[in-house]
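Trainee: The sequence and its predicted three-dimensional model are supplied below.
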Amino acid sequence: MTSRSHEHTELPLPNGWFAVAWSKDLAAGEVQAIHYFGQDLVLFRTRKGHARVLDAYCAHLGAHFGHGGRVVGENVRCPFHGWQYDGEQGHCARIPYCDKIPAKARVRAWPVVERNRMIFVWHHAEETPPIWDVPTAPELNDAAWTEPRYYELNVPVHMQDMAENNCDPVHFKFVHGSVDVGEEGEIEFGEDGRFFRIANTAERETPLGKFTTRLERDSWQLGMTSVRTLGIPDAGLMMFSSTSPIDSSNTCSRWVFSVTRNLVDIAGEDWIEGMSTGVLQDMAIWKNKIYRPAPVFCEADQYLIQFRRWVRQFYSTAN
Ligand code: FES
Ligand SMILES: [Fe+2]
């Protein structure tokens, strides 16, 4: 029998850092209900300015902090009976009508890092503390570069399927109408095998003249990538992205773009536009595809084969 539900294999959720919000969208004192990793969570910003993420449901009678809860100092206060939970540790710090706080009055506090204009949460299937860090994109704090542009898209597919596209030069011809099958580049892995870079160096015509430019596509983990154009003197384009599992068949992808001010009007805007509309062309494939754990590859599918091998390190369970 051939049917999508019958043929599809569900993938587990990977381990790593995943963006759950834009920094600009969370003011001090703000509380939001969010759903990632198949779980209901609460996101809030404390009065000191720390972004915090806790399990959504109060240890007392189970009210959802994200619906009517509010920030009190460094804590979030439950909307039902006012118990306050510390945002960093998740323990109950105060019960307004009782001096004795039960030891079990705590909820899970998720590791949070704020970087590159995004709020990241560490997800690990075994609740292991963070094993690596989120890299900094220096362009986002450089006066020669434009204020960032933001792009966000929900995609009805597991995040691994979305990430696999980065290692699939052939689809650019068929899905995105490129003239030929995309250029291969050199692939280089970091020492720990987690980081890899695909780079293409070539002499290219640019709006500022002819230069040997280098396109670098970095992957820091499953769902965290950056793209950079290097080699044009005092000019460049960059994109940093985080792709996060909402659950095993829905993904939220966030991209932040910046370009040097001298390029923004002559190339930058078009580049940003091209990147963000291009992804919509992938949608029809993603929406309707199944996941094949053991695909039939041909000899020319080297990147895809390497991607499937690389990706295994981000899962606690074999797949
Ligand atoms: S349910 Fe949260 S304080 Fe009672
Ligand atoms: Fe694509």
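Mentor: Now that the structure is in, tell me what you want to look at. Ligands and ions are numbered 1, 2, ... in the order given.
Trainee: which residues sit against the helix or strand that contains residue 311?
Mentor: Secondary-structure element containing residue 311, defined by DSSP states H and E: helix 302-311. Residues from elsewhere that reach helix 302-311, judged by C-beta atoms under 8 Å, 6 or more residues apart in numbering: 14, 160, 163-164, 166-169, 184, 187, 189, 193, 196, 198, 222, 295, 297. For every residue, glycine as well, the C-beta is placed using N, CA and C.
Trainee: Could you spell out the sheet neighbours of the helix or strand where residue 41 lies, each with its direction?
Mentor: The secondary structure element spanning residue 41 is strand 39-45 (assigned by DSSP H and E). According to DSSP bridges, strand 39-45 has the following sheet partners: strand 31-36 (antiparallel), strand 51-55 (antiparallel).
Trainee: Mind checking the pLDDT average for that strand?
Mentor: What strand 39-45 shows for mean pLDDT is 98.
Trainee: so how far is it from its chain's centroid?
Mentor: With C-alpha atoms, centre = their mean, to the nearest Å as the basis, the distance from the averaged C-alpha position of strand 39-45 to the chain average is 16 Å.
Trainee: In that strand, which residues are buried?
Mentor: 41, 42, 43, 44, 45 (16 or more other C-beta atoms under 10 Å).
Trainee: how about it against ligand 1, any contact?
Mentor: No: judged by C-beta under 6 Å from any ligand atom, strand 39-45 makes no contact with ligand 1; its nearest approach is 11.6 Å.
Trainee: circling back to that earlier point, out of the buried residues of strand 39-45, flag the one nearest to residue 35.
Mentor: Residue 35 lies nearest to residue 41 out of the buried residues of strand 39-45, by C-beta to C-beta, at 6.9 Å.
Trainee: Spell out which residues sit in contact with that closest one, please.
Mentor: With contact set as C-beta under 8 Å, 6+ apart, residue 41 has these partners: 20, 33, 34, 35, 53, 54, 55, 56, 66, 110, 121.
Trainee: can we see that at 10 Å?
Mentor: 20, 32-35, 53-57, 64-66, 107-108, 110, 121 (C-beta atoms under 10 Å, 6 or more residues apart in numbering).
Trainee: so which strand or helix has the residue most central in space within the chain?
Mentor: Most central in the chain under C-alpha atoms, centre = their mean is residue 242, positioned 2.1 Å from the mean C-alpha point. In this structure, residue 242 sits in strand 237-247 according to DSSP H and E.
Trainee: Just give the number of residues close to residue 3.
Mentor: 8 (other C-beta atoms under 10 Å).
Trainee: follow-up on the earlier one: using neighbour counts, trim the contacts of residue 41 to the buried set.
Mentor: Buried by 16+ other C-beta under 10 Å: 20, 32, 34, 53-57, 64-66, 107, 110, 121, out of these.
Trainee: Residue 277 falls within a helix, correct?
Mentor: Yes: in this structure, residue 277 lies within a helix as judged by DSSP: H, G, I helix; E, B strand; the rest coil.
Trainee: need the contact list for it.
Mentor: If a contact means C-beta under 10 Å, 6+ apart, then residue 277 has residue 176 as its contacts.
Trainee: Quick check: which ranges of the stretch 51-200 of the chain have low pLDDT?
Mentor: 179-184 (pLDDT under 70).
Trainee: Sketch out the helices for the stretch 151-300 of the chain, chain order is fine.
Mentor: Chain-ordered helices for the stretch 151-300 of the chain, with DSSP state H, counting those that start in this stretch as the definition, fall at 159-164, 171-174, 269-288.
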